[in-house]
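> model this:
(2 chains)
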Amino acid sequence: EPEVTQTPSHQVTQMGQEVILRCVPISNHLYFYWYRQILGQKVEFLVSFYNNEISEKSEIFDDQFSVERPDGSNFTLKIRSTKLEDSAMYFCASSPGQVFSYEQYFGPGTRLTVT
Amino acid sequence: KQEVTQIPAALSVPEGENLVLNCSFTDSAIYNLQWFRQDPGKGLTSLLLIQSSQREQTSGRLNASLDKSSGRSTLYIAASQPGDSATYLCAVRGYGNKLVFGAGTILRVKS
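Predicted coordinates for the structure are as follows:
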């Protein structure tokens, strides 16, 4: 069964460094998402991406963050100048299309630790 | 702003019991609702998706219901097993693309 994959599974970085989290969505899906979950807190929406542009973003998704689909398969989240409070599990998700009834499929997550 | 609440926060039951997890949301203008399972330190596994026009969905021992007008959903787990131990998350999708999640119910099934 097709699945969303994410790399790395765990990333440790120093405060102020840039990190890139990578995702490979399910191959025929058109909508891509990033969510994050700070330890002990709810899963929070960051951004959605469709047709090579951001379709929606939350207040959390400020200028520190950016997303890109550099090729036909990868979807990346870049965090510039990481802060301690960026430590969280980051989940990528994808869905088949623009219809809002479609299910979102989540990857296993990347645990980001900022020291 | 949509808010999703899940009750109880934690639940411990003996193996074999049937149980109900509750989810409520403040804005009834939703497209669908998803129930997820999350094992410790792991990703989110989608269990059931209920469209706004549906009343319930079933998958194996799981049955999810939706009452959109009252802003409630329940996840019923029949004949619980120790392998069902996990955190169960409810998420609603309103206008736009994002899912809004509840804090989850931590379930422990004792053998």
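
> Stretch A:6-17: how far from the chain's middle?
The chain centre lies 13 Å from the centre of stretch A:6-17; the measure is CA atoms, centre = their mean, to the nearest Å.

> which ones are touching A:K83?
By CB atoms under 8 Å, 6 or more residues apart in numbering or on different chains, A:K83 lies in contact with A:15, A:64, A:114. Glycine gets a C-beta too; all of them are placed from N, C-alpha and C.

> May I see the residues you listed organised as TSV, with pLDDT added?
TSV is the format used below for those (pLDDT from 0 to 100):
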residue	pLDDT
A:M15	97
A:Q64	96
A:V114	98
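
> Out of those, which is nearest to B:D27?
A:Q64 (29.0 Å; CB to CB).

> I figured that closest one hits A:K78, correct?
No. Taking contacts as CB atoms under 8 Å, A:Q64 lies outside contact range of A:K78: 9.1 Å.

> Using neighbour counts, pick out the buried residues of stretch A:76-95.
A:77, A:79, A:82, A:86-95 (16 or more other CB atoms under 10 Å in any protein chain shown).

> my bad, should have said stretch B:23-43
Buried-residue list, stretch B:23-43, by 16+ other CB under 10 Å: B:23-25, B:30-38, B:43.

> do the same with stretch A:107-115
Neighbour count says stretch A:107-115 has A:107-112, A:114 buried, by 16+ other CB under 10 Å.
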